[in-house]
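Student: structure of the sequence below:
(one chain, ligands or ions: 1)
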Amino acid sequence: MQKMSLAILTLVILVCSSPTMPNAAQSGPMPKDGELAFPSEYQSFPVFLSGVQKPDAIRDLYINPIGAQNQPGQAFANGSILVMAIYNAKKNAEGALEKGTDGKLVKADLAKIFVMQKGAEWGKGAPENVKNGDWVYAAFKANGERLNVDYTTCRGCHLPLGESKDFVHRYDEYFEKRMHGEH
Ligand code: HEC
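Tutor: The predicted model follows:
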């Protein structure tokens with residue numbers, strides 16, 4: 001009888017300490033900059049802003065459904081994903097930028113895709129002087145392959161937005177457009 005209960009106890013200990021059991025201290029992976037999964041379904045996300053005009057590029061911004069629930073004045077919830085698809089602007093045979101009848105640049109090929117995604121305590125792994133809350137950054141080629149970039153540049157340029165805009169450049173513009181139902 002004693003042998004039997006010892007065997008059961010041993011079994012319980014073995015099962016509970018097996019690596020397949022979820023461990024409360026490590027609930028899920030904590031990606032660092034450049035380690036985010038490519039959000040291949042981003043084009044089905046709600047639009048954040050579209051057709052942002054840059055000197056020689058056009059940018060379409062998306063936000064995943066969790067992020068789109070955010071209210072003005074709030075920080076985005078964990079699980080939020082912001083995606084920026086960067087298109088080269090179309091040039092004519094002479095290499096000059098073309099403009100459409102609306103005076104805007106015309107999209108050519110998709111150049112790259114920038115992502116910022118947030119998770120509980122993800123910011124912990126970020127360099128001390130460029131902590132942007134719990135956002136983590138990643139940059140991809142159009143085909144989803146990772147780009148080799150210095151992510152402190154992303155952080156350095158988003159940092160000045162501060163906590164009030166949750167380090168998101170087009171924070172105010174997004175909520176203004178959403179309020180007016182412009183997309
Ligand atoms: C020189 C400054 C600068 C750097 C460097 C930079 N960004 Fe941004 N980022 C911006 C600006 C400005 C916007 C707003 C859209 C626009 O005007 O192009 C933006 C927008 C974004 C957005 C959409 C959400 C938002 O903030 O409006 C994402 C996602 C993003 N950037 C990711 C990245 C990633 C990833 C990197 C690094 C690979 C990076 N950014 C580097 C300035 C920068």
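Student: pull the distance from stretch 36-53 to the chain's centre.
Tutor: Put simply, stretch 36-53 sits 9 Å off its chain's centre (CA atoms, centre = their mean, to the nearest Å).
Student: using the three-state scheme, assign the residue nearest the centre of the chain.
Tutor: For the chain, the residue sitting closest to the mean C-alpha position, by CA atoms, centre = their mean, is M116 at 2.3 Å. Secondary structure, DSSP: H, G, I helix; E, B strand; the rest coil: M116 is strand.
Student: which non-adjacent residue is nearest R59?
Tutor: Counting by CB to CB, 6 or more residues apart in numbering, R59 lies nearest to V52, which is 4.1 Å off, once chain neighbours are set aside. No exception for glycine: its C-beta is placed from N, CA and C like everyone else's.
Student: buried set for the helix or strand hosting that neighbour?
Tutor: Mapping V52 onto the secondary structure by DSSP states H and E places it in strand 47-54. Residues of strand 47-54 classed as buried: 47-49, 52 (neighbour count, 16 or more other CB atoms under 10 Å).
Student: enumerate the residues of this structure near the ligand.
Tutor: 52, 54, 59, 61, 82, 84, 114-116, 137, 139, 149, 153-154, 157-158, 168-170 (CB under 6 Å from any ligand atom).
Student: just the buried ones from those?
Tutor: Here the buried ones among those, as counted with 16+ other CB under 10 Å, turn out to be 52, 59, 61, 82, 84, 114-116, 137, 139, 154, 158, 168-170.
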